[in-house]
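In: need coordinates for the following:
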Amino acid sequence: MAHYYFDLKDGATQRDHAGVELRSDDDAIARAHVLADEIGNQGTVRDHACHVSVINENGHEVTRVPVSSEFRPRSTAGLKKIS
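Out: Sure thing, here's the model as predicted:
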């Protein structure tokens, strides 16, 4: 298990100070998509560049998931992992 943080970035950064334990980067990426969908569905997205940034316990960014007010399927197929 590894610890991951899910920061919201929309011009300013809202840090996730608690994070969560997950099994893998893939699980963290899937969780980021769920969070991005929830945020997008709230209709509070101010900036078209808003995204959820997944940070691992070593402080490295795993991926960025864009937040959109449009419906997006919750699939991780075709996602790029940042190395």
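
In: helices along the protein, start to end?
Out: Assigned by DSSP state H, the helices in the chain fall at 25-42.

In: mind checking which helix or strand of it has the lowest mean pLDDT?
Out: Sorting the helices and strands of the chain by mean pLDDT, DSSP states H and E puts strand 13-14 at the bottom, at a mean of 88.

In: so which elements touch it?
Out: strand 2-9 (3 or more Cβ pairs under 8 Å, 6 or more residues apart in numbering; DSSP states H and E). All C-beta atoms are positioned from the backbone trio N, CA, C, and that covers glycine.

In: let's see it at 6 Å
Out: Using 3 or more Cβ pairs under 6 Å, 6 or more residues apart in numbering; DSSP states H and E as the contact definition, strand 13-14 packs against no other helix or strand.

In: ok, residue 62 - contacts?
Out: Residue 62 makes contact with 25, 28, 54, 56 under the criterion Cβ atoms under 6 Å, 6 or more residues apart in numbering.

In: residue 60 is in contact with the third one, correct?
Out: No - applying Cβ atoms under 6 Å as the test, residue 54 and residue 60 come out as separate, 9.6 Å apart.

In: who has more neighbours, those two?
Out: Neighbour count, other Cβ atoms under 10 Å: between residue 54 and residue 60, residue 54 has more, with 26 against 10.

In: so can I have CSV of the contacts of residue 62 showing pLDDT and distance to residue 4?
Out: CSV is the format used below for those (pLDDT from 0 to 100; distance: Cβ to Cβ, whole Å):
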residue, pLDDT, distance to residue 4
25, 95, 8
28, 96, 4
54, 97, 6
56, 96, 6
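
In: who wins for neighbours among those residues?
Out: residue 54 (26 neighbours).

In: could you give the bridge partners of that one?
Out: residue 6, residue 63 (DSSP bridges).

In: now it: how far from residue 41?
Out: 19 Å (Cβ to Cβ, to the nearest Å).

In: wait, what's in contact with residue 13?
Out: residue 7.

In: switch the cut-off to 8 Å
Out: With contact set as Cβ atoms under 8 Å, 6 or more residues apart in numbering, residue 13 has these partners: 7, 53.
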